[in-house]
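*Asks:* Prediction below, plus the sequence it came from.
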Amino acid sequence: MNSNGNVIETRNINKYFHDPVKFHVLQKVSLAITYGEFVSVTGKSGCGKSTLLYILSTMDTDYDGELLIADQSMNKLDGEGLAKIRNEKIGFVFQFHYLLPEFTVLRNVMLPGLKLKKLSEEEVEHKAMAHLKTLGIDDQAMKRANLLSGGQKQRVAIARALINDPLIIMGDEPTGNLDSKNSNIVFDIFSEIASAKKQSLLIVTHDEDFARRTDRIVVMDDGKIIS
Amino acid sequence: MKKPVILEISQTLLLARLRQSLIAAAGVTFGIAMFITLVSFMTGLNKMLDSLILNRTPHVRLYNAINPSLDQPINRVGEFDNSLNIIRSIKPSDSRVEIYNTIPILKALQSDPRVIAVGPKVAAQVFYNVGVIDLNGTVNGIDVKTEIKSFSFNDYIIRGDAADLDRVTNSIILGKGVADKMMAEIGEVIQITSAKGEQVSLKVVGIFQLGLAAVDDVQSYASLSTTQKLLGKNDSYYTDIQVKLTDISLAPSVAKEFSKIYRVDAEDVQTANAQFESGTKVRNIITYAVSITLLIVAGFGIYNILNMMIYEKMDSIAILKATGFSGSDVKRIFINLSLIIGAIGGSVGLLLGFVFTSLIDQIPFKTAALPAISTYPINYNIIFYFIGITFAMATTYIAGYFPARKASRIDPVVIIRGK
């Protein structure tokens, strides 16, 4: 792994929405994030920042341009390969946490690890518990995920994003639904991750305070990066 | 190694919405149970109706018909070969109804691989003497053992024992109608007069009922030797040879063949019971139509429920894909889910179908036509259970496969954004 290179890099990404009318959402977006960097993306609603994030996370494949994750091109990978990248290299935190309501908190955190199969089930469980403990919700581990409060759920989602030690953690307004106290907790967790483990962070946010405290702010407007 | 994570996810999804899963399984169960019940019952009835005719009817019957001879003496005289010979009003001569060379024919038939059983028969016209009145009728001399073994004779004996025909000399089994008219009971001795005028006393050892008044009112059975004696013939005198084949559909061709080889008349069961043949055909078509309809209706029900179930889980699919599960993982999760529902629902359906058919089997059903039957007939055929479970698994697989495949192909963002 080349720690001086970019963890994620895009070259001239264009994306269109076709419905209801053809609309150029992203216009020649080029962006690079280095290892251990804590980056926030801000901009007005509809400027394309979430769209960009979904493309970067490989969850959206309908675009043109080049996307490299850890110097590996994503353009030639099929669904199977992309799923593997998401599993191994990317941790994603959604605005609405997106936990599986049928599973316990612990299981939710463990599932990506069990899928990766790098560690045994016991080791994954141990690791998941450790993450939950760091995030202060280890006492909720055996509860069903849908029984938790919003702040707790968001922390579970972060634990899930961390389970496979990804190169980069992406968040789509992870604090958008939280009060300021919980927002601060989440921010602290993120900056801890960035500084201690050298994992990169790419967070889309509306929260000015949150953005100001990150290493770099990327501002978007009308599908372009303006600063 | 613990169970794979894919299977675990399927199970958890299944158990989390237990009620919905149970409803889906119940849909499978109901369809399969109805299929088993109806098919078992309908084919049971069909079999019963078939046996009504087939049990006592030989597949091929060899006999000498009383016909005017086509081979008139004038045809054998060479000088009239080129003439047109017209003979009017030919009558049948006193030709023998006896079959020639019976012993070698019986032997040859018995060694034929297509033949299951051969039963020689002697038919004798008689009068039953009731006081001053004589009722006319027929005594059939039969090979008792073959009749019991291959022609279900015992099923139609309502009183007494068919085997007594062999054990008791000069014994007879009367048709129910005959017995009623003569007021004859088992153990009594009755008088009959043969067509040649000889009077014989026979002991009644049983009463039979075929359910056809035309038969029960005139016919009775005795052993071959008793009947031969009654007619004053020797023990190689047979009027009919009844043949049962391995495959009933061969009967017409086999009948033709036998007729040619043994120079006798041969009648196959299809010709003898043409109206029955078409009845069976129609009933079979109805059975197939009903079972196919049932399966299709059940199939659509299963498909609908599972389809809905999977579409409800779209969120979970998006989450799984976002966290690194691939499209084929998702597909496998939902196919597992469907197959579990299919296997459980299907097996319970088979069980329930068996219970239903067993219940129907207990309902009393008395018919004069079949004394051996006392409840509604059920055809317990393992094939139906095979078809049932195979169908349950196949439909649930298909019902799981298509929505799962669709879900596995789309980008997770489409689901997440679509909210």
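*Replies:* Perfect, thanks for sending it. Numbering: from 1, shown residues only, chains lettered A, B, ... in the order given.

*Asks:* What backbone torsions are found at the residue in the stretch 251-400 of chain B that chain A sits nearest to?
*Replies:* Chain A sits closest to residue B:324 of the stretch 251-400 of chain B, with a gap of 2.3 Å, by C-beta to the nearest C-beta. Bear in mind the C-beta positions are built from the backbone N, C-alpha and C, glycine included. When read as degrees, to the nearest 10, the backbone of residue B:324 gives phi 110, psi 10.

*Asks:* who's in contact with it?
*Replies:* Contacts were defined as C-beta atoms under 8 Å, 6 or more residues apart in numbering or on different chains; by that measure residue B:324 touches A:83, A:84, A:86, A:87, A:88, A:112, A:115, A:116, A:164.

*Asks:* Give the buried residues for stretch B:247-266.
*Replies:* Buried residues in stretch B:247-266, counted by 16 or more other C-beta atoms under 10 Å in any protein chain shown: B:248, B:250, B:251, B:252, B:254, B:255, B:258, B:259, B:262, B:264, B:265, B:266.

*Asks:* Would you check that the last one makes contact with residue B:256?
*Replies:* Pointing back at residue B:266 there. Yes: using C-beta atoms under 8 Å, residue B:266 makes contact with residue B:256 at a distance of 7.0 Å.

*Asks:* Near residue 214, how many other residues are there?
*Replies:* Unless you meant another one, I'm taking chain A. Neighbourhood size, residue A:214 [other C-beta atoms under 10 Å in any protein chain shown]: 22.

*Asks:* wrong chain, I was asking about chain B
*Replies:* Around residue B:214 there are 10 residues (other C-beta under 10 Å).

*Asks:* Next: residue B:146.
*Replies:* 17.

*Asks:* contacting residues for it?
*Replies:* Applying C-beta under 8 Å, 6+ apart, the residues near residue B:146 are B:117, B:118, B:119.

*Asks:* now, among those residues, which is nearest to chain A?
*Replies:* Looking across those and measuring by C-beta to the nearest C-beta, the closest to chain A is residue B:117, at 64.7 Å.

*Asks:* give the contact list for that closest one.
*Replies:* B:146, B:149, B:150, B:151, B:243, B:244.

*Asks:* ok, now with 7 Å
*Replies:* B:146, B:149, B:150, B:244 (C-beta atoms under 7 Å, 6 or more residues apart in numbering or on different chains).

*Asks:* out of these, which are inside strands?
*Replies:* Judged by DSSP state E, the contacts of residue B:117 include residue B:244 as members of strands.

*Asks:* Can you list the low-confidence ranges for the chain?
*Replies:* Since you didn't name a chain, this refers to chain A. Residue ranges of chain A with pLDDT under 70: A:1-4, A:97.

*Asks:* wait, I meant chain B there
*Replies:* B:1-3, B:94-95, B:368-369, B:418-419.

*Asks:* picking that back up, filter the contacts of residue B:117 down to the buried ones.
*Replies:* By 16+ other C-beta under 10 Å, these give B:146, B:150, B:244 as buried.

*Asks:* got these as CSV, with distance to residue A:76 columns?
*Replies:* CSV is the format used below for the buried ones among the contacts of residue B:117 (distance: C-beta to C-beta, whole Å):
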residue, distance to residue A:76
B:146, 80
B:150, 75
B:244, 73
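
*Asks:* Show me what residue of chain A gets nearest to chain B.
*Replies:* Taking C-beta to the nearest C-beta, chain A has residue A:87 as its residue nearest chain B, at 2.3 Å.

*Asks:* just checking, that residue touches residue A:115?
*Replies:* Yes: with contacts counted by C-beta atoms under 7 Å, residue A:87 reaches residue A:115, the gap being 5.6 Å.

*Asks:* How about the secondary structure of the residue nearest to the spatial centre of chain A?
*Replies:* Nearest residue to the geometric centre of chain A (C-alpha atoms, centre = their mean): residue A:170, 1.8 Å. Of the three states, residue A:170 takes strand under DSSP: H, G, I helix; E, B strand; the rest coil.

*Asks:* so it bridges to which residues?
*Replies:* Beta-bridge partners for residue A:170, by DSSP bridges, are residue A:92, residue A:202.

*Asks:* quick one: it and residue A:53 touch, right?
*Replies:* Yes: applying C-beta under 7 Å, one finds residue A:170 in contact with residue A:53, separated by 5.9 Å.
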